[in-house]
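Trainee: sharing a model prediction with you, sequence too.
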Amino acid sequence: MLGLLVAHRTVVYLGGLAVIALPIALEAAAGITVPRAVRTALVAVTLAVMIVTYLGERRARRAARRGETAEPSYPLRTRLAAVLALAGVAAGLYAALEVNPILGLLFVGGALLFGRIAFRDGEDGDRRAEA
């Protein structure tokens, strides 16, 4: 099961964001109200599946490092920043749909910039280590 989630991680992450945003979009577009308890349950289950998928990715990378395949890996700081950036994007989308569209989109933009800076710094650190 874990291997299946990891193999289809892009679908899991994008589908998870869609599941989280769908009830709010339904209410805005069609006037269909989804009870708050249902939305909370959807968010909790979706985030749990996304977290398990991420942990499976980490496990697969560690196993690959122990084997013959040398897969390039990012430092822990960069991976943590990427997770925080993804969480920021998800929170920003939720805020954009639920609270205020402008503030939510600003939050999403900030999270994306944070992730970009983190990966750029990680690459710079790798270049410095190689030199």
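Mentor: That came in fine, so what should we check first? Here the structure is a predicted model, which means the values were calculated and not measured.
Trainee: and the residue nearest to the spatial centre of the chain, what helix or strand is that in?
Mentor: With distances taken as CA atoms, centre = their mean, residue 86 lies nearest the centre of the chain, 3.5 Å away. Assigned by DSSP states H and E, residue 86 falls within helix 76-98.
Trainee: surely the residue nearest to the centre of the chain is in contact with residue 13?
Mentor: Yes - using CB atoms under 8 Å, residue 86 is in contact with residue 13, at 7.4 Å. For glycine as for every other residue, the C-beta is placed from the backbone atoms N, C-alpha and C.
Trainee: can you report how many residues neighbour the closest residue to residue 2 other than its chain neighbours?
Mentor: Excluding the flanking residues, the one nearest residue 2 by CB to CB, 6 or more residues apart in numbering is residue 56, at 4.3 Å. When counting by other CB atoms under 10 Å, one arrives at 19 neighbours for residue 56.
Trainee: tell me the pLDDT of residue 56.
Mentor: As predicted, residue 56 sits at a pLDDT of 84.
Trainee: give me the angle between the helix or strand harbouring it and helix 76-98.
Mentor: Using DSSP H and E, residue 56 maps to helix 36-66. Helix 36-66 runs at 160 degrees relative to helix 76-98, counting by axes from the mean of the first three to the mean of the last three CA atoms, to 10 degrees.
Trainee: chain center to helix 36-66, what's the gap?
Mentor: 9 Å (CA atoms, centre = their mean, to the nearest Å).
Trainee: with only the CA atoms kept, save stretch 87-100 in PDB.
Mentor: This file holds the C-alpha atoms of stretch 87-100, laid out as PDB (Å, rounded to 0.1, in the frame of the first residue of the first chain):
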ATOM      1  CA  ALA A  87       1.800  23.300   4.000                       C
ATOM      2  CA  GLY A  88       1.900  27.100   3.300                       C
ATOM      3  CA  VAL A  89       0.400  26.600  -0.100                       C
ATOM      4  CA  ALA A  90      -2.400  24.400   1.300                       C
ATOM      5  CA  ALA A  91      -3.100  26.900   4.100                       C
ATOM      6  CA  GLY A  92      -3.100  29.800   1.600                       C
ATOM      7  CA  LEU A  93      -5.500  28.000  -0.700                       C
ATOM      8  CA  TYR A  94      -7.800  27.300   2.200                       C
ATOM      9  CA  ALA A  95      -7.600  30.900   3.300                       C
ATOM     10  CA  ALA A  96      -8.200  32.200  -0.200                       C
ATOM     11  CA  LEU A  97     -11.300  30.100  -0.500                       C
ATOM     12  CA  GLU A  98     -12.600  30.400   3.000                       C
ATOM     13  CA  VAL A  99     -11.400  33.800   4.400                       C
ATOM     14  CA  ASN A 100     -10.200  36.300   1.900                       C
END
